[in-house]
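Asker: here you go, sequence then predicted model.
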Amino acid sequence: MMRSASARRAAVALLALAALAGCAARSAYRQGLQEGRRGNWDVAVARLTKALDSDPENISYRIALENARSQASRMHHVEARKRLAADDLAGAVDALEIAAKYDPGNKSASDDLAIVRAKLRDREAAKQQLAEFEAARQRARSQLPVPVLSPRSPVPISINFSDQSLEKVFETIGKLAGVNVLFDEQFRDKKVGVRLSGVTFQEALDQICLVNRLFYRVLDQNSIIVVPESPAKRRSYDEVLVQTFYLQNAEANEAVNVIKQIAGVTKAQVTPALGAITVVATPDKMAAIERVLAAHDKARGEVMVKVEILEVNRNNLKRYGLSLSNYEASVTLSPTGAEGELASGFTNARAHLLSSLNLADFVVSIPSTLLAQFLQTDSTVRILASPQLRAAEGKKTALKIGTEVPVPVTTFTATAVGNSTFSPATSFQYRNVGINLELEPKVNAAGEIFLGMTAEFSLLGEDRNVGTAAAPLVVPTFLTRNVTGTLRLKDGETSLIGGLLSQREADSFRGALGLRNVPLLNKLLGANSKTQDETEILISITPHLVRAPKVTEDDLRAFSFGTEEVARVPGARPLFGPDLEPAADAAAAPVAAAPAPAPRPGATPETRRRQEARPRPTPTAATGGPPTPQAAQSVRLAPASLTARRDQALEVNLLLAAPAEVSAVEVVVRYDPERLTGFEAVAGSLLTLDGAPVGAERNEEPGRLRVRFVRPRAATGAGALVALRARAAAAGATAVAVESVVVTGPGGEQKLAVPAPATIEVQE
């Protein structure tokens, strides 16, 4: 008994669950059908899928679900086409993927999906190509086409010379920077006084050359030459570069005129097919040209213009007053009334009847009906057109709505040479009758839109005969209204243009003779008709800014271009190489140079030569004496961070910040051998600047390198002690860290503070 009761309870529970499941399925089914009738096919598919999952054997559910999936696929296919029309390829791909998943049998959606994916890939490839072009242009800018000095420390120096040889001044500041100074054959030495404080080597060189009408040029990474200032010497020493600029937006012919006028360049060639300009100029002028072209080569503005054209026709008709059915009365002689008695306005009667004529033989015809009119009509017709036009700056876009009407054009051709007889030839030109609208936008840097507008509204008039009676020639006539002007609008601002009116009025009167001139009676007893037709054209223009010229702060900022005589752009002709980064502690005390000791009076040339060749210590700013090992020193890794691709060679320099005398240096470096291979350390430019031999000791183990460089005599200055070189092997972030740095000078060994590691990002 207990088992049977339990079985019954289980059966009842199962039946209840089945009933609930059936109710839920029917509810989901009804909701799905309701959402389908509303057009919400995505929701309908979800509801019907739930219903079919609850009752998989229900055929009605399955059929409804298949129909909903098909409708949803069609809906997303239509949405994809709209997105394609709006040039939204990514959105179109998403919509087509949904359409294809809903209905795998929708072959049209699958084909469109493949086409749009191909277009999207082409667009991404174009973007990637553009990005690579920009990256290539940046790399090309960083590669200096003129010789530069190897990197030196930009530590400021101070010099004080009084009545000293100009040649010795140049040689002294050259020794402070470790640079060889040569002189042109026409250089003339003289006594000068120079006092400079807290300036770099380049600033000191520039200021001394400017005051003494000189200029200098870099010959190689270790040497410069000083030359007297003159146009002939400039032509002899100034480097000339050839560079091709590829314009992205600006017109090449207009751009070349700009650079010729501003930079004074005479050698410039345009290649219109590539939109390229090839220029031959000095480095300073080339830098100015690059700045000017970058400011002019901006993307053209683009505007989406929403145009609403409203034509309003008003027709007003009034008819009022009394009107007879006919305004004629007649008396007709008809003695017999027989057929044929009246013909051609005559009465045909026999003569013997004339003696018996009386009033009974005449027939009188008078109006039989009197009409009273009280009609008034007033109608308005609106024809609305709302197109959207997309136009680029400086390019016209046109809208034509109307009918093409043929217009005959006759030309006359002589039938023979010297013959005065001409034969006509008629051809037809088609003219658009309706609405002709032309827009030419211009977008300024502030985002304001100027719209040059030409609008023409024309109607076909009555035909007119312009020929003769023997040879008629009927041509159409046109009623034309034109408006031309320029609008200045902001993004989304609407301008309404109206007042293009055309009016026609007609007034007619029917009544008894002379009644029109009788006041009051002409209104009551006459039939009056007044018609008034009025046509007005309204134009609503709303521009939306799609793209505006991107003017940056650099474009607005002026830049130095030297003098009228000599063009000089800061940074166009750098003195040192591009891999030197300003030291964080570069603001150390400036280095002062004492005047070179003058030879004793009466000394022989050989004595002077030995005295000048005798090495002199480099004094410091604080004491004027030689640097000691105990002086505060610091080193750093430059660059502090860099990015490289796989298999790309890279280099990090260990720089000495302040000038010192260095005869040996020992460095211990740690690195990641999995990401950096071929790791090595070579002597830096400070140790090899003068060409002296440098001995090396190396001790290497995986991920760790100890190296020691020794010179036979001390090198004086600041700069790169050690150059660390490697090749990127695996993608990821890594670092090069220095464990210890020991520098040996005249005062012995000095252990320097460990610099911060240099971080390296290796990309695929």
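Answerer: Great, that's in hand. All values derive from a computational prediction rather than experimental measurement.

Asker: Arg62 touches Leu52, doesn't it?
Answerer: Yes - the criterion here is C-beta atoms under 8 Å, and Arg62 meets it with Leu52 at 6.0 Å. (Each C-beta comes from the backbone N, C-alpha and C, glycine too.)

Asker: between these two, who's got more neighbours?
Answerer: When neighbours are counted by other C-beta atoms under 10 Å, Leu52 comes out ahead of the other of Arg62 and Leu52, with 21 against 15.

Asker: for my notes, confirm that one occurs in a helix.
Answerer: Yes - secondary structure of Leu52, determined by DSSP: H, G, I helix; E, B strand; the rest coil: located in a helix.

Asker: how many residues are close by the residue lying closest to it once chain neighbours are set aside?
Answerer: Setting aside the residues directly before and after it, Leu52 is nearest to Tyr61 in space (C-beta to C-beta, 6 or more residues apart in numbering), at 4.4 Å. Counted with other C-beta under 10 Å, residues neighbouring Tyr61 total 23.

Asker: packing partners for the helix or strand where Tyr61 lies?
Answerer: According to DSSP states H and E, Tyr61 maps onto helix 59-85. For helix 59-85, the helices and strands in contact under the criterion 3 or more C-beta pairs under 8 Å, 6 or more residues apart in numbering; DSSP states H and E are helix 2-38, helix 41-54, helix 89-102, helix 107-142.

Asker: and that helix, which residues are buried?
Answerer: Within helix 59-85, the residues that count as buried by 16 or more other C-beta atoms under 10 Å are 61, 64-65, 67-77, 79-80, 83-84.

Asker: helix 41-54 and that one, what's the angle between them?
Answerer: Counting by axes from the mean of the first three to the mean of the last three C-alpha atoms, to 10 degrees, helix 59-85 lies at 150 degrees to helix 41-54.

Asker: wait, isn't Asp297 in contact with Tyr246?
Answerer: No - here Asp297 does not reach Tyr246: they are 9.3 Å apart, not a contact under C-beta under 8 Å.

Asker: neighbour count: those two, which is higher?
Answerer: Asp297 (17 against 14).

Asker: so what's the more buried one closest to, chain neighbours aside?
Answerer: In this structure, Asp297 finds its nearest non-sequential neighbour in Ala250, 4.5 Å apart by C-beta to C-beta, 6+ apart.

Asker: so what's that neighbour up against?
Answerer: With contact taken as C-beta atoms under 8 Å, 6 or more residues apart in numbering, Ala250 is in contact with Leu293, His296, Asp297, Lys298.

Asker: likewise for Phe561?
Answerer: Asp284, Ala288, Ala567, Arg568, Val569.

Asker: how about the last one: what's its closest non-neighbour residue?
Answerer: Read it as Val569. Closest residue to Val569 in three dimensions, ignoring its sequence neighbours and counting by C-beta to C-beta, 6+ apart: Ala287, at 4.2 Å.

Asker: give me phi/psi at that neighbour?
Answerer: For Ala287, the backbone dihedrals are phi -70, psi -40 (criterion: degrees, to the nearest 10).

Asker: pLDDT wise, what is it at?
Answerer: We have a pLDDT of 85 for Ala287.
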